[in-house]
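Participant: predicted structure and sequence below. I'll ask about it afterward.
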Amino acid sequence: MECFLRHIIARHECDTRAQLKDIRVPTLVLVGAEDHISASNLSHCASSEELAKGIPNAKLALLPGECHHFFYTEPAAAHKIIRDFLAEE
């Protein structure tokens, strides 16, 4: 439990948004369109949108109808998005 709590505290205290503009590699941000879980003031979906906007030329991919565990619930769809992104690069 102690390690988990340290992780949560570190996650909330770390803000690297100012560094996003420095990322210069092709970036795919993949999130479930219904992932509205929030441990902070932003849901995973909203924070993924912010992440994609902050990284130059990033691609945001939303998996329709999916939440946080799309790699388990829709692995074929997630893998296709990743393969297509890699093929573009």
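Facilitator: Thanks, I have it. Quick caveat: nothing in here was measured; it's all calculated off a predicted structure. Numbering: from 1, shown residues only.

Participant: show me what secondary structure element comes after the one helix or strand residue 6 maps to.
Facilitator: For residue 6, the host element (DSSP states H and E) is helix 2-13. Heading C-terminal from helix 2-13, the first helix or strand you meet, by DSSP H and E, is strand 28-32.

Participant: direction included, what does that following strand pair against?
Facilitator: strand 59-63 (parallel) (DSSP bridges).

Participant: who's in contact with the partner strand?
Facilitator: When contacts are defined by CB atoms under 8 Å, 6 or more residues apart in numbering, strand 59-63 is touched by residues 26-33, 45, 48-49, 52, 70, 74, 77-78, 81, 85. No exception for glycine: its C-beta is placed from N, CA and C like everyone else's.

Participant: cutoff 10 Å now
Facilitator: 26-35, 45, 48-53, 70-71, 73-74, 77-78, 81-82, 84-85, 88-89 (CB atoms under 10 Å, 6 or more residues apart in numbering).

Participant: in strands only, show me these.
Facilitator: Among those, DSSP state E puts 28-32 in strands.

Participant: ok so, going back, okay, and which of the contacts of strand 59-63 map to helices?
Facilitator: Counting by DSSP state H, the contacts of strand 59-63 place 45, 48-53, 70-71, 73, 77-78, 81-82, 84-85, 88 in helices.

Participant: excluding its backbone neighbours, what's nearest residue 34?
Facilitator: residue 67 (5.0 Å; CB to CB, 6 or more residues apart in numbering).

Participant: would it be right to say that that neighbour lies in a helix?
Facilitator: No: read with DSSP: H, G, I helix; E, B strand; the rest coil, residue 67 is coil and lies in no helix.

Participant: mind listing what it touches?
Facilitator: 31-37, 44-45, 73.

Participant: and it, how far is that from residue 86?
Facilitator: When distance is defined by CB to CB, to the nearest Å, residue 67 is 24 Å away from residue 86.
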